[in-house]
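> Structure of the sequence below:
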Amino acid sequence: MHASPPPDLVLLNARLADGAELVDIHLGGGLIRSIGTRPPGPPGPAASGPPPAGAGPDAERLGRAERLDCAGRVVIPGLIESHLHLDKALLDRERPNPDGTLAGAIAVTGTLKRAFTAKDVRDRARAVLDDAVANGTTLVRAHPDVDPIVGLLALDVMLELREEYRGVVDLQVVAFPQEGVLRAEGTLDLLREALRRGADVIGGCTYNEDGLTDCRRQVDLVLDLAVEFGVPADLHADFADDAADPRFAMAGYIAEAVTERGLGGRVALGHMTSLAGRPAAERGKVLAALAAAGVAVVPLPATDMHLNGRADTVNPRRGVAPVRELWAAGVTCAYSSNNVRNAFTPYGNADLLEVGLFLAQTGHLSGPEDLARVLAMATTGAARVVGIADRYGLRPGAAADLVVLDTHNVRDVLLDRPARTAVIKGGRIVARSTRSTDLLFRTS
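Okay, the predicted model is just below:
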């Protein structure tokens, strides 16, 4: 959307950590140039007018820069939606899930996909992308379906949107076989063509095969494509209340297969809810294997809580991956919205702070340390999942993808659900939001 580079931008009086001095963040050339505290005393000419003569190139740049006074507001790195189905968003208005189950969601969506058009997919995806940007998201990993029902239509739309939104939000496109690979004849050829057309990531959906042998075969095929095309892999796996059905106990096999191919750090698994339903000792071994293999896990709490536990008549299970245990095992973690207002998840606004608070509530996570780690799952953790950690964060030289939040305490970011005072992509402000409240009473 933006071809010309933005002018330099300086964020004044930004809060990066509770109890620390406020800092100024200088952005230029799409990067963070510097982060520093201002000398004591009133602001000099470099902050309020043209630089003094002989001040040097850095001061000259600062003199010409735009300013945004954060006034002590919190600044965080841009939020990352590491797992989002833009092509299937907003379908609930057409046909909701009849029974609230995963099977029902797949069936309803499979029927609706037969009527997809490029315009329909594009319009719904744009609506959610716009919401995501307004809510502070600077990168989305999108999972369009690739299968004999919809072909490459949705993937082609995502590739177009990747260019359309360039400079506003980065879009990583996953070739995702929702209907399975072996079960849906012709899907493997479609996945190859998707990668040739420019898909960034190869996807998988292990549980949608007919048996354990085919599930393992799908893992092998998907990871072999990752090696062949030099792309990361992102699989939906182990999405059930427990591991009674072996199709939902694939984590150990996946860890072995990733290690065999040297793909550590380049494979993510979404959902992984059946981990929570395995015995504690068994669960510990699986988590250790995932950590050792460098396999990331992305819980999707809005979907996972909605679809799981439906057959339980007493003490319904949460059906969410055990986040605290993932942390303790050293597994790289993110979380994401997954779906927005469709048969899989009839809720949502592509707001990662809202999803993070829900994850904390459902995962027995509380207090400043836990909430800080949850927030990090949508920032630094997600950056590792999507492969941009080397150019991401709050440090000089990192991409100038930041969010100014209308709260003054880092520990309260998830609790406050603050307005996004400024969403900055590549050093350019791409969205703003405000929130005002008028109390129309006085107590004394």
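
> What values do phi and psi take at the residue positioned nearest the centre of the chain?
In the chain, the residue lying closest to the centroid (C-alpha atoms, centre = their mean) is residue 81, at 1.9 Å. Taking degrees, to the nearest 10, you get phi -80, psi 100 for the backbone angles of residue 81.

> So which bits of the strand or helix carrying residue 361 are buried?
Residue 361 is located in helix 352-362, with elements delineated by DSSP states H and E. Across helix 352-362, burial judged by 16 or more other C-beta atoms under 10 Å covers 352, 353, 354, 355, 356, 357, 358, 359, 360, 362. Placement of C-beta: from N, CA and C, glycine included.

> which of these has the weakest pLDDT?
Sorting the buried residues of helix 352-362 by pLDDT puts residue 362 at the bottom of the list (95).

> Pretty sure that one sits against residue 316.
No - with contact defined as C-beta atoms under 8 Å, residue 362 and residue 316 do not form a contacting pair (12.0 Å).

> what sits against the residue nearest to the centre of the chain?
The neighbourhood of residue 81, defined by C-beta atoms under 8 Å, 6 or more residues apart in numbering, consists of 132, 137, 139, 140, 141, 336, 337, 350, 352, 382.

> which SS state does the fourth one fall under?
Meaning residue 140. Here residue 140 is recorded as strand under DSSP: H, G, I helix; E, B strand; the rest coil.

> How about it: which residues does it bridge to?
Beta-bridge partners for residue 140, by DSSP bridges, are residue 81, residue 171.

> and it, how many neighbours?
Burial measure for residue 140: 31 neighbouring residues, criterion other C-beta atoms under 10 Å.

> what sits against residue 275?
Applying C-beta under 8 Å, 6+ apart, one finds that residue 275 lies in contact with 238, 251, 283, 286, 287, 297, 321, 322.

> excluding its backbone neighbours, what's nearest the fifth one?
If I follow you right, that is residue 287. Of all residues not flanking residue 287 in the chain, residue 329 sits nearest, at 3.8 Å (C-beta to C-beta, 6 or more residues apart in numbering).

> again with the last one
Nearest residue to residue 322, sequence neighbours excluded (C-beta to C-beta, 6+ apart): residue 276, at 4.9 Å.

> Can you tell me the SS state at that neighbour?
What three-state DSSP gives for residue 276 is helix.

> ok, now which ones touch the nearest residue to residue 138 once chain neighbours are set aside?
With sequence-adjacent residues excluded and distances taken as C-beta to C-beta, 6+ apart, residue 138 is closest to residue 78, at 2.8 Å. Taking C-beta under 8 Å, 6+ apart as the definition of contact, the neighbours of residue 78 are 136, 137, 138, 139, 379, 399, 401, 402, 403, 423, 424, 425.

> Now render these as a markdown table, adding distance to residue 6, pLDDT and secondary structure.
Below are the contacts of residue 78 laid out as a markdown table (distance: C-beta to C-beta, whole Å; pLDDT from 0 to 100; DSSP: H, G, I helix; E, B strand; the rest coil):
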| residue | distance to residue 6 | pLDDT | secondary structure |
| --- | --- | --- | --- |
| 136 | 18 | 98 | coil |
| 137 | 19 | 98 | strand |
| 138 | 14 | 98 | strand |
| 139 | 18 | 99 | strand |
| 379 | 22 | 98 | coil |
| 399 | 13 | 98 | strand |
| 401 | 12 | 98 | coil |
| 402 | 13 | 98 | strand |
| 403 | 16 | 98 | strand |
| 423 | 13 | 98 | strand |
| 424 | 9 | 98 | strand |
| 425 | 9 | 98 | strand |
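
> List just the nearest of those to residue 263.
When the contacts of residue 78 are compared for distance to residue 263 (C-beta to C-beta), residue 139 comes out closest, at 21.0 Å.

> What's the local residue count around the nearest residue to the closest one once chain neighbours are set aside?
Counting by C-beta to C-beta, 6+ apart, the nearest residue to residue 139 once its immediate chain neighbours are dropped is residue 170, at 4.3 Å. Other residues within reach of residue 170, judged by other C-beta under 10 Å, total 22.

> For stretch 228-245, list every residue counted as buried.
Burial within stretch 228-245, assessed by neighbour count using 16+ other C-beta under 10 Å, is assigned to 229, 231-243.

> how long is that stretch end to end?
Counting by C-alpha to C-alpha, to the nearest Å, the length from the leading to the trailing residue of stretch 228-245 is 31 Å.

> Please name the residues that touch residue 236.
When contacts are counted by C-beta under 8 Å, 6+ apart, residue 236 touches 176, 203, 204, 205, 206, 207, 269, 270, 271.

> quick one, strands of the stretch 201-350 of the chain?
Counting by DSSP state E, counting those that start in this stretch, the segments of the stretch 201-350 of the chain that form strands are 201-205, 233-237, 267-271, 295-298.

> strand partners of the second one, parallel vs antiparallel please.
Pointing back at strand 233-237 there. In the sheet, strand 233-237 lines up against strand 201-205 (parallel), strand 267-271 (parallel) (DSSP bridges).

> got the angle between that strand and strand 137-142?
Using axes from the mean of the first three to the mean of the last three C-alpha atoms, to 10 degrees, the direction of strand 233-237 lies 70 degrees away from that of strand 137-142.

> can you tell me the average pLDDT over strand 233-237?
In this model, strand 233-237 has a mean pLDDT of 98.

> before we move on, back to that, now the strands of the stretch 201-350 of the chain in a markdown table, with distance to residue 64?
Compiled in a markdown table, those are given as follows (distance: least, C-beta to C-beta, whole Å):
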| stretch | distance to residue 64 |
| --- | --- |
| strand 201-205 | 39 |
| strand 233-237 | 42 |
| strand 267-271 | 42 |
| strand 295-298 | 41 |
